[in-house]
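**Q** A structural model of the following input is requested.
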Amino acid sequence: MHFFYELKEEQMEIYEKESVHYPPHIHKSMECIYVTSGTLELGVGRTLCHMETGDFGIVFPNVIHHYQVFSRGESRALYFLAPPSFAGFYLEQLQTCQPKNPVLPAALVHPDIPYALERLRELADLGEGQQGEALGKAFTQIILARAFPCLTLQKRGEQPGQDIVYDMVAYMAEHYTEEEMSLTRMAQDLGYSPFALSRVFSHTFHTNFNRYLNELRLNQALSLMQDADASVTDLAMNAGFTSMRTFNRVFQERFHMPPREYRKRMTGKADTAEK
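**A** I've put the predicted structure just below:
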């Protein structure tokens, strides 16, 4: 799933996939999360919400969020991203409000929500053109119609552009695949000092710039790995890694196996470079 790319007009994305740690990120789409097995921690802003199997979460557009997984067993979820234009009647609320708690426990999740998500996944697989787009909007609005009455909405506070954390996340979302991406360049482009940005990484993200950047690139490579027929080397380069040595090291640190072995286990396919 391309978390960091702004969705094209009238485009949606939906996948069921293994849940993994995903660093703070942001996009202009609405995102829905339905946990199908295991548990997941959804962080929205400064709030961390625990999710169990059957729970449903929603992240409004232009809101910083992240994921963490602490359970040892398999954790999977259905992730649905849609442009705000799919919201119809609910567009103004998506743009001006945010839920006090973005997670609905399974007991409050109306059966129409998982039903609509399954239909959306079928539409994405079939690719039915204009008819599929119309149905996609309809099912999206069914989800919102069933979820919104169970959410406590509140007006958004400070405008995103006035917040250094938002500026950093949005900037890295746009530039993380670029070879020349650096803390110094980001500081110059945003008008902050490198020291101020370093403090945000340390005190807010509990990491440093290079580790955060590698996390973004690694997660993008994992998303590409699920569907693409390209070689692991091409996937790593397309995700922004400038050397396979760095990619292999970062991958090994997280999964304790080489990327080619992981891909073979996940997809049942050997890397094209090995054929």
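
**Q** Contacts for stretch 90-102, please.
**A** 30, 42, 44, 47, 49, 57-61, 63, 84-85, 87, 141, 144-145, 148, 151-156 (Cβ atoms under 8 Å, 6 or more residues apart in numbering). From N, CA and C alone the C-beta is placed, and that goes for glycine too.

**Q** okay, how far is it across it, tip to tip?
**A** Start-to-end span of stretch 90-102 (Cα to Cα, to the nearest Å) is 16 Å.

**Q** Let the chain start at 579 from now.
**A** Fine by me, first position is 579 from now on; the one you just mentioned is stretch 668-680.

**Q** tell me the average confidence for it?
**A** In this model, stretch 668-680 has a mean pLDDT of 92.

**Q** Of the contacts of stretch 668-680, which belong to strands?
**A** Using DSSP state E, the members of these that fall in strands are 608, 620, 622, 625, 627, 635, 636, 637, 731, 732, 733.

**Q** give the contact list for the last one.
**A** Pointing back at residue 733 there. With Cβ under 8 Å, 6+ apart, residue 733 has these contacts: 674, 675.

**Q** For it, name its beta-bridge partners.
**A** Under DSSP bridges, the beta-bridge partners of residue 733 are residue 675.

**Q** Return the distance of it relative to residue 609.
**A** 20 Å (Cβ to Cβ, to the nearest Å).

**Q** need the strands for the stretch 579-728 of the chain, in chain order.
**A** Using DSSP state E, counting those that start in this stretch, the strands of the stretch 579-728 of the chain run over 591-596, 600-603, 608-615, 618-622, 625-629, 634-637, 643-646, 654-660, 675-677, 681-682.

**Q** Just the buried ones from the contacts of stretch 668-680?
**A** With burial judged by 16 or more other Cβ atoms under 10 Å, the buried subset of the contacts of stretch 668-680 is 608, 620, 622, 635-639, 641, 662, 665, 719, 722-723, 726, 729.

**Q** any idea which of those is closest to residue 768?
**A** Set against residue 768, the nearest of those by Cβ to Cβ is residue 641 (19.4 Å).

**Q** That closest one contacts residue 623, correct?
**A** Yes - assessed by Cβ atoms under 8 Å, residue 641 is found in contact with residue 623 at 6.8 Å.

**Q** circling back: and the ones in strands among the contacts of stretch 668-680, which two are furthest apart?
**A** It's 620 and 733 that sit farthest apart of the ones in strands among the contacts of stretch 668-680, by Cβ to Cβ, at 21.3 Å.

**Q** where exactly do the helices run in the stretch 629-778 of the chain?
**A** With helices called from DSSP state H, counting those that start in this stretch, the stretch 629-778 of the chain shows them at 669-674, 690-704, 707-725, 742-753, 761-768, 772-781.
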